[in-house]
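Enquirer: The sequence and its predicted three-dimensional model are supplied below.
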Amino acid sequence: MIEGDAATSAPAGARTSTDVFATPERRVEGHGKVTGAADFAADIKRDGMLHVAFVGSPYPHALVRRVDVSGARTAPGVRAVLAGADVRPARFGRRLQDWPVLAWDRVRFIGDRVAAVAADTLEHAEAAAALVDVEYEEQPAIFDAEAALADGAPVLHPDAADYAVVARRGEQVKRSPVPHPNLQGHEVHEHGDVAGGFAKAARIFEHTFRVPPVHQAYIEPRAALVWIEGDVTHVVSTNKAPFSLREQMAQTLDLPAESIVVHTPHVGGDFGGKGLSLDEHALVFLARATKQPVRSLLRYADELQISNTRHGAVIHLRTGIDRDGRITAHESRVIFDGGAYAAGKPVNSLMPGDAMLTLAGYHVPAARVEASAVYTNHLPAGHDRAPGQPQNSFAAESHIDLIARELGIDPLDFRERNAIRAGQIDIHGDQWHASEVPRVLATLRREAKWDAPLASSHPSSAQGRGRGVALGVRHVGRGKTSMELTLGPDGSVEVKTGAPDQGGGAHTMIQRVVARELDLGPERVRIEQLDTATSPVDPGVGGSRVTPVHGNAALDGARKIKAALAEGRAAPITVTGTAEQQQHMYGAYAYAIEVELDRETGAFKITDATLVADVGTVINPVAVRGQLEGGFAFGLGQAAMEELVIDDGRVVTANLGDYKIPTIGDVPKLRLVLITDAPGPGPFGAKSVGELANAAITGAVANAVANAGARVYSLPITAEKVFAELHQGHSPA
Amino acid sequence: MNGFTYHEPTTWPAAQDLIAREPDATMLAGGTAFTLLLRQGLIRPTTVVSLRRISGANRILADSHGGLWIGAMATHSTVVRSPEVRRNWPEFADAAATVATLRIRNQATIGGSVAHADPASDVPVMLAALDAQVIVRKPNAAPRVPIDQLFIDTFTTSLAPGEFIESIQIAGRGPNTRAVYLKYTPRSVDDYATVSVAARAEVEEGRLRAPRIFLGAVGGRPMRAMSVEAALGDGTEARAFADAAALVRSDIDPIDDVRGSAEYKREMARVFVERALRTLVA
Ligand SMILES: Cc1cc2nc3c(=O)[nH]c(=O)nc-3n(C[C@H](O)[C@H](O)[C@H](O)COP(=O)(O)OP(=O)(O)OC[C@H]3O[C@@H](n4cnc5c(N)ncnc54)[C@H](O)[C@@H]3O)c2cc1C
């Protein structure tokens, strides 16, 4: 079933006409948010709470020779001042713990913290922080990820062998060895006969693309509050995965995990960035030193300068094509700028999750993919909505388009010819058992009127027009969780979960799954979010996991209640719903974009946009639309304007006036077409959408602009770059 | 953020007395620039004199010759909506409408924009092309300063401590006067200009006379395109515009920043000067 703009969703297998999924959802947390009643981390206060300021390094790379805190200690209002020596050897990180809580011997980026002050007011704390006297010895810095891998490059982490790796579900994990000391993570994948594939190719194409670091630009800056009660350390955090934070802090602080309780109130946007917590660790030391609650708020300028950005990347792609226009072999080398610390990455590979996905949605009979994340003296990189994909997708979809146009094949035809089909293997060497990719592309052809001629512009006019397409896929998340459901005597249900809702609608999704299974009105299902002391263990929000994993746990719980009722048990009935989703499956999507290009300036405007997305059963119709339209706007920012400009290690775009994200006036109307009848592994056949649509938009825009006259090989596609392409010779490249 | 003494006088003379007593006082208008400067630690005022309660300070009046008198505290939104501005100088309202977002325009004042002297601001460039006069309040005098003389450099005006802007006057137009403001923001509709052009001229039968052209965001102050004006001379036809516009390179001094390289801004200055001239005769 395909749903156009106007259609309301009637999910596959709908049982009754009054199906809860068919009604636009009312958010569980909506009323609290719009009335201001909802608490975010910064709203939570404790009596006697102290305020914190940090001292950051002014150098991108330096040895810390001496930290003199005596002046700060005696400043008015000050309760504690700590330096690296006071926290040594505590380092933090989501997987590899390589980021010192306060640097004691070496700073590795501008803003790296060397001291922290807790005081009665923020003004006192900041005034005292300015009195901390640090003696540095500057070291040669690395700003280029490729240069970091040269022989003789300065080694940024000489003590890497001492770094702890956070255990995974209680199991100790060892870091994989890396071939160069400046590598955070490195992987090579190979399948099929790569040399043979290139040998039999009729043409071989090779291109290099560059993608800058960008920020997630969530609306809520980080906030943290820590207090200690007896043996228990309480942490209020903006973190979206409270149990993971508890494990990380336990490792960093050498405490039993049970002695740490993480409370996560509402999270004001995440986009992948809120899995890493920065200040919480230093706050524990300050809370111990002062015996008072301590809190910190990150200013947005600091968000842009010290928190985990998306990785910048250089991507080299090489692909062989046979006489029929089919891919014979693919080779790629991706180098991610990991910045000063790998701490922001939660996966064992210590690379963005989809680091190796350098062609997405195609049949790739043979491939060699090499990806690296590299230490540099830039601010640390971490996760950002569909990690690894926006970089790779821009490169891959530009590369595919360049090949098609060079071969004189229509770019959509070329994609259809190479689209992965059931039984074929993808870039990872994995076989797909089913594929919606061909149908997504066929639907796009029809809905975007791809075969209709472009409204041509007058040849002498300053305006050019172009049309571009791009394909994307995103895995449906995997993982396991459990939650507690109680059927009350009044027939209503209470669900207790440890999963926060970072704005994606997780709690509403859980509510509606339970409501549908038990044939209740959604308002009769209440969701309660518990802290880590009282909730069943939960992996948190991320990895496109919530609907398929948490949704199935909710469904399992609802089914258990049903079964108990069938056995004649009476309310109250309490059950634990559990789910483990390990199925490998993808959602597919494609964009068609039309642009109008001003040849005199290089500026372009999107005049038409279509997104076809294979989403499975729709549980929250408003949120599905919101995630896809939001993903479009999010990706558009990275296509056209977003770049964290870093000059000699210093972030130049340190405010949201210079670091531009799209406003509503920049976002064109999107024609959204949903494919809902290819069931996914989630409850009632649902898939995931949160990270489905934000990557490929960059390639679609690049291809449309190329079609209008200017191919740009790096993001963002600024008017100036387009102008330089159009007027080469006139203009500096 | 440190504490400061805060005053809210209700008349201009009261404000003037206060400022005469406290020459180091910082003036506060809409606060959009003030708050950012304060939070970034770029200003540390000890005394702040807010102008928001001064009665009549935000008024806009039209005179009998088609001119305008704009109180310093009139916001950008007030200008955009003012029937007097719409009638006498709709192009000025258009320029004010290009500033930021509605939220900022509702708060940011015209006096604040001029006094702040950010070379990337919009209204100052347009006021320069319209030969506006700034009515300055100083002890025992209220001189009129041609706005072009007020701007010295980035964030720097000729106002001495204790002097402030009370209002801005724009003279009426002739029957053949045309004006235009073009703002180029290629990244986002809500941005400071990469380059902006304000132009005014007398136009008769497609010929252009007495041009006044200023550019924003390409130097430390609104930059007058002297070479272009000189090349246009009197009675220039549209076919000469491209050559004249190309001379703008030597009238401006842009820098590399996130809104474009200096070289790109020079190119765009040429393109937008030519477009402005074409718009004037269209
Ligand atoms: C998010 C954002 C986006 C913006 N985008 C744009 C844009 O696109 N284009 C643009 O042109 N501008 C833009 N601005 C700047 C804005 O126009 C100026 O900040 C505003 O005009 C200043 O006016 P104000 O009333 O807020 O002044 P305030 O912030 O109150 O004061 C600014 C300065 O002027 C002084 N001052 C104020 N009034 C007087 C007076 N009467 N006499 C003497 N000195 C005085 C103050 O002491 C202070 O130094 C933007 C600002 C923000 C915050």
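Expert: Cool, the structure landed.

Enquirer: Going by C-alpha atoms from here, please, whenever you check contacts or count neighbours.
Expert: Will do.

Enquirer: Contact partners for the spatially closest residue to B:Asp190 that is not a sequence neighbour?
Expert: Spatial nearest neighbour of B:Asp190, chain neighbours left out: B:Ala100 (5.1 Å); criterion: CA to CA, 6 or more residues apart in numbering or on different chains. When contacts are counted by CA atoms under 8 Å, 6 or more residues apart in numbering or on different chains, B:Ala100 touches B:190-192.

Enquirer: mind listing the strands for the stretch 601-733 of chain A?
Expert: With DSSP state E, counting those that start in this stretch applied, the stretch 601-733 of chain A shows strands at A:604-614, A:646-647, A:650-651, A:671-675, listed in chain order.

Enquirer: Switch those over to CSV; also include mean pLDDT, distance to chain B and mean neighbour count.
Expert: Shown next, in CSV, are the strands of the stretch 601-733 of chain A (pLDDT from 0 to 100; distance: least, CA to the nearest CA, whole Å; neighbours: other CA atoms under 10 Å in any protein chain shown):
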stretch, mean pLDDT, distance to chain B, mean neighbour count
strand A:604-614, 97, 8, 23
strand A:646-647, 97, 11, 14
strand A:650-651, 98, 12, 20
strand A:671-675, 98, 22, 22
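
Enquirer: near chain A, which residues of the stretch 101-250 of chain B?
Expert: By the rule CA under 8 Å from any CA of the partner chain, the part of the stretch 101-250 of chain B lying against chain A is B:186-191.

Enquirer: where does the chain dip in pLDDT?
Expert: No chain specified, so I'll use chain A. By pLDDT under 70, the weakly predicted segments of chain A are A:1-18, A:169, A:457-461, A:729-733.

Enquirer: could you do chain B instead?
Expert: Ranges of chain B meeting pLDDT under 70: B:1-2.

Enquirer: if we can go back for a sec, out of the residues of the stretch 101-250 of chain B next to chain A, which two sit at the greatest distance?
Expert: Using CA to CA, these reach their maximum pairwise distance at B:Pro186 and B:Asp190, which is 9.7 Å.

Enquirer: ok, those two, which is more surrounded?
Expert: Applying other CA atoms under 10 Å in any protein chain shown to B:Pro186 and B:Asp190 shows that B:Pro186 carries more neighbours, namely 24 against 20.

Enquirer: The more buried one - that's part of a strand, no?
Expert: No: looking at B:Pro186 with DSSP: H, G, I helix; E, B strand; the rest coil, it is coil, so not inside a strand.

Enquirer: Leaving out the residues flanking it, which one is nearest to it?
Expert: That would be A:Ala603: by CA to CA, 6+ apart, it lies 5.8 Å from B:Pro186.

Enquirer: So the one you found is in contact with A:Thr718, correct?
Expert: Yes: with contact defined as CA atoms under 8 Å, A:Ala603 counts as touching A:Thr718 (7.4 Å).

Enquirer: intersection of neighbour lists for the two?
Expert: In contact with both A:Ala603 and A:Thr718: B:Pro186, using CA under 8 Å, 6+ apart.

Enquirer: TSV please, covering the strands of the stretch 601-733 of chain A and showing distance to B:Ile152.
Expert: TSV is the format used below for those (distance: least, CA to CA, whole Å):
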stretch	distance to B:Ile152
strand A:604-614	35
strand A:646-647	29
strand A:650-651	29
strand A:671-675	50
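
Enquirer: How is chain A partitioned into domains?
Expert: The record's domain parsing of chain A by automatic domain parsing lists A:42-141+A:222-297, A:477-581.

Enquirer: Export the contacts of B:Ala100 as a markdown table, with columns for secondary structure.
Expert: Listed next are the contacts of B:Ala100 as a markdown table, based on three-state DSSP:
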| residue | secondary structure |
| --- | --- |
| B:Asp190 | coil |
| B:Asp191 | coil |
| B:Tyr192 | coil |
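
Enquirer: so which of those residues also contact the ligand?
Expert: Restricting these to those near the ligand by CA under 6 Å from any ligand atom leaves B:191-192.

Enquirer: Pull out the buried positions in the lengthiest helix in chain B.
Expert: The longest helix of chain B (DSSP state H) is helix B:262-281. For helix B:262-281, the neighbour count (16 or more other CA atoms under 10 Å in any protein chain shown) marks B:262-278, B:280-281 as buried.

Enquirer: got it, and stretch A:183-203?
Expert: Neighbour-count burial for stretch A:183-203 flags A:183-187, A:190-192, A:194, A:197-198, A:201, A:203 (criterion: 16+ other CA under 10 Å).

Enquirer: okay, how far is it across it, tip to tip?
Expert: 33 Å (CA to CA, to the nearest Å).

Enquirer: Now do the SS call for whatever residue of the stretch 451-600 of chain A ends up closest to chain B.
Expert: Scanning the stretch 451-600 of chain A for the residue nearest chain B gives A:Glu600, at 7.0 Å (criterion: CA to the nearest CA). Look at A:Glu600: counting by three-state DSSP, its state is coil.

Enquirer: just the strands in the stretch 251-400 of chain A please.
Expert: Counting by DSSP E, counting those that start in this stretch, the stretch 251-400 of chain A has strands at residues A:260-263, A:294-297, A:309-310, A:312-321, A:327-339, A:367-375, A:381-382.

Enquirer: Show me which residues of chain A sit near chain B.
Expert: Applying CA under 8 Å from any CA, we find that chain A lies next to chain B at A:123, A:600-601, A:603, A:640-641, A:645, A:653, A:657-658, A:660-663, A:665-666, A:718-720, A:731-732.

Enquirer: List buried residues within those residues.
Expert: Among the residues of chain A next to chain B, those classed as buried by 16+ other CA under 10 Å are A:123, A:600-601, A:603, A:640-641, A:645, A:653, A:658, A:660-662, A:666, A:718-720.

Enquirer: farthest-separated two in those?
Expert: Across these, the longest distance by CA to CA is 50.4 Å; it joins A:Glu123 and A:Glu600.

Enquirer: which residues touch A:Ala125?
Expert: A:51-53, A:77-78, A:117-119.

Enquirer: Looking at these, which is nearest A:Lys480?
Expert: Of all these, A:Val52 has the smallest distance to A:Lys480: 36.7 Å, by CA to CA.

Enquirer: Hmm, that closest one is touching A:Glu123, no?
Expert: No: A:Val52 is beyond contact range of A:Glu123, at 9.4 Å (criterion: CA under 8 Å).

Enquirer: among the buried residues of helix B:262-281, which are within reach of chain A?
Expert: B:263-264, B:268, B:271.

Enquirer: need the contact list for A:Phe209.
Expert: Contact partners of A:Phe209, counting by CA under 8 Å, 6+ apart, are A:314-316, A:395, A:713-714.

Enquirer: how about these, which pair is most distant?
Expert: So, the contacts of A:Phe209 by CA to CA: farthest apart are A:His316 and A:Ser714, at 12.1 Å.

Enquirer: Most tightly packed of the strands of the stretch 251-400 of chain A?
Expert: Of all the strands of the stretch 251-400 of chain A, strand A:381-382 carries the top mean neighbour count, a mean of 30, counting by mean count of other CA atoms under 10 Å in any protein chain shown.

Enquirer: The residue in the stretch 101-250 of chain B positioned nearest to chain A: neighbouring residues, count only.
Expert: Nearest residue of the stretch 101-250 of chain B to chain A: B:Arg187, at 5.4 Å (CA to the nearest CA). By the criterion of other CA under 10 Å, B:Arg187 has 28 neighbours.

Enquirer: Alright, calling it a day.
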